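S.K.: okay, sequence plus prediction incoming.
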Amino acid sequence: MRRTVKLGFLLAVALILSYVESLIPFSFGIPGIKLGLPNLIVMLLLYDQPKTGSDLAKQKSRAVNEQVRERFFSDGAREALLVNALRIVLSGFLFSNLYTILYALSGAVVSFSAMIIGKKCGRFSMIGVSVLGGVFHNIGQIIVAMLVVETFAVAYYSPFLIVAGVLTGALLGYAGMEILPYLRRMGREGE
């Protein structure tokens with residue numbers, strides 16, 4: 001129950017960050033560049049994976065293939081995916097339109113996949129995983145833009161969007177490293 005309350009709180013914070021981001025005129029003449037503030041919540045959920053005694057007992061009782069799947073797609077990853085999907089759909093309907101939802105979901109799927117793989121391989125810090133997320137979010141959106149407008153000309157924006165993804169990803173990864181201990185403490189105090 002407390003974890004559900006925490007997830008609801010983090011979804012609300014992600015929606016607020018989406019709204020704040022929509023108010024910031026952050027563009028250098030290149031469509032699609034954003035700070036990605038709500039992705040901070042996704043990063044925090046990916047790295048905030050409390051294990052309790054009952055969770056460990058449940059894992060031991062599962063079949064081997066279930067355990068392999070569980071290790072790859074942890075509770076934190078499931079929660080991050082759920083909160084991110086809900087945030088994209090809700091903020092899309094509240095602050096923008098259906099096309100924005102399409103672009104955001106496509107970017108989120110590619111980004112989330114890259115972050116999961118980056119985190120699971122163990123070679124990236126939280127900042128590195130966040131940079132992967134920022135870069136691959138933009139790559140996913142470029143692919144959808146090429147399909148929607150039926151031209152490869154939008155790929156011209158790729159270098160600019162990749163640089164923006166690296167910079168904002170690094171900034172959000174650093175912020176996540178600073179905030180994560182407080183989020184974990186909040187979880188321990190709620191138990």
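M.R.: Everything's here; your move.

S.K.: just the buried residues of the longest helix along the chain, please?
M.R.: For the chain, the longest helix by residue count, based on DSSP state H, is helix 158-190. Neighbour-count burial for helix 158-190 flags 160-162, 164-166, 168-169, 171-173, 175-177, 179-180, 183 (criterion: 16 or more other C-beta atoms under 10 Å). Just so you know, the C-beta spots here come from the backbone N, C-alpha and C atoms, and that holds for glycine as well.

S.K.: equivalent analysis for stretch 107-125, please.
M.R.: Buried, per 16+ other C-beta under 10 Å, within stretch 107-125: 107-112, 114-116, 118-119, 124.

S.K.: mind checking how far the residue most central in space within the chain is from Val154?
M.R.: In the chain, the centroid-proximal residue (C-alpha atoms, centre = their mean) is Val42; its distance is 3.7 Å. With distances taken as C-beta to C-beta, to the nearest Å, Val42 is found 25 Å from Val154.

S.K.: low pLDDT regions in this structure?
M.R.: Scanning the chain for pLDDT under 70 picks out the ranges 1, 26-28, 49-75, 187-191.

S.K.: and for Gly8, the neighbour number?
M.R.: For Gly8, the count of nearby residues is 12 (other C-beta atoms under 10 Å).

S.K.: oops, could you answer that again for Asn39 instead?
M.R.: 30.

S.K.: go ahead and confirm it touches Gly134.
M.R.: Yes - using C-beta atoms under 8 Å, Asn39 is in contact with Gly134, at 7.4 Å.

S.K.: mutual contacts of the two, please.
M.R.: 111, 172 (C-beta atoms under 8 Å, 6 or more residues apart in numbering).

S.K.: tell me, how many residues neighbour the closest residue to Val166 other than its chain neighbours?
M.R.: Distances taken as C-beta to C-beta, 6 or more residues apart in numbering place Val131 nearest to Val166, at 5.4 Å, with adjacent residues excluded. Using other C-beta under 10 Å, Val131 has 24 other residues around it.

S.K.: spit out the contact partners of Val131.
M.R.: So Val131 contacts 165-166, 169-170, 173 (C-beta under 8 Å, 6+ apart).

S.K.: run the last query once more with 10 Å
M.R.: Counting by C-beta atoms under 10 Å, 6 or more residues apart in numbering, Val131 touches 114-115, 118, 124-125, 165-173.

S.K.: likewise for Ser106?
M.R.: Here Ser106 is in contact with 137, 139-145, 147-148 (criterion: C-beta under 10 Å, 6+ apart).

S.K.: try 8 Å this time
M.R.: Ser106 makes contact with 140-141, 143-144, according to C-beta under 8 Å, 6+ apart.

S.K.: try Ala85
M.R.: For Ala85, the contacting residues are 105, 108, by C-beta under 8 Å, 6+ apart.

S.K.: what about it, distance to Gly29?
M.R.: Counting by C-beta to C-beta, the gap from Ala85 to Gly29 is 31 Å.
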